[in-house]
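Visitor: Return a 3D structure for these sequence lines:
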Amino acid sequence: MRQVLSIIFYCVAGFFVYMVGLLAFISGLPHLEKWAFVGGLSVPGVISLLIGLAIGRFRNWRRSTGIVLLAGTAVNALVVLTLICISLSAEYKVMFPRNELAFMSDYRSGFFFMLIIVAGGGGLLRKPRVAG
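Guide: A predicted model of the protein is given here:
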């Protein structure tokens, strides 16, 4: 039961990783406001991750945290790719001539943020080399 409960909190944390990553693609806001919003929304994700790790007694915390970061970023990448493909289709341009997805066009900061999260998650999953 303990492991099931910790997995539930890991899923909640992964959802917040996804949401924070998606917010990094929002354009039109001043950078300070956008990153303050991203940082504020990451607090519940960190709290739910810590709760999940505490329920699991912090065993394999690097592996669990790395998996949460990589899974949340993978979902984020799939959603962003889907939105890009939708906005490039001819049918979308006919149905929505005003480009309703224009607010999600800060690809530089969004992909840079995702790259940082992937590097952090991948770094946590790497096994340290044994000296000697």
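
Visitor: hey, let's count contacts and neighbours off CA atoms from now on
Guide: OK.

Visitor: got the contact list for stretch 32-51?
Guide: For stretch 32-51, contacts defined as C-alpha atoms under 8 Å, 6 or more residues apart in numbering pick out 6, 9-10, 12-17, 20, 23-24, 26, 65.

Visitor: just stretch 52-72 next, same as before
Guide: With C-alpha under 8 Å, 6+ apart as the criterion, stretch 52-72 contacts 2-3, 5-11, 13-18, 49, 117-118, 120-125.

Visitor: Give me the distance from the biggest helix by length in the chain to the chain's centre.
Guide: Under DSSP state H, the helix in the chain containing the largest number of residues is helix 61-88. Distance of helix 61-88 from its chain centroid, counting by C-alpha atoms, centre = their mean, to the nearest Å, is 6 Å.

Visitor: any idea how far the following helix or strand past that helix is from the chain center?
Guide: Proceeding N to C from helix 61-88, the next assigned helix or strand is helix 90-95, under DSSP states H and E. Chain-centre distance of helix 90-95: 29 Å, with C-alpha atoms, centre = their mean.

Visitor: Tell me which residues are up against helix 90-95.
Guide: I86, S87, N99.

Visitor: before we move on, back to that, tell me the buried residues within the contacts of stretch 52-72.
Guide: The neighbour-count test (16 or more other C-alpha atoms under 10 Å) marks 6-7, 9-11, 13-18, 49, 117-118, 121-122, 124-125 as buried among those.
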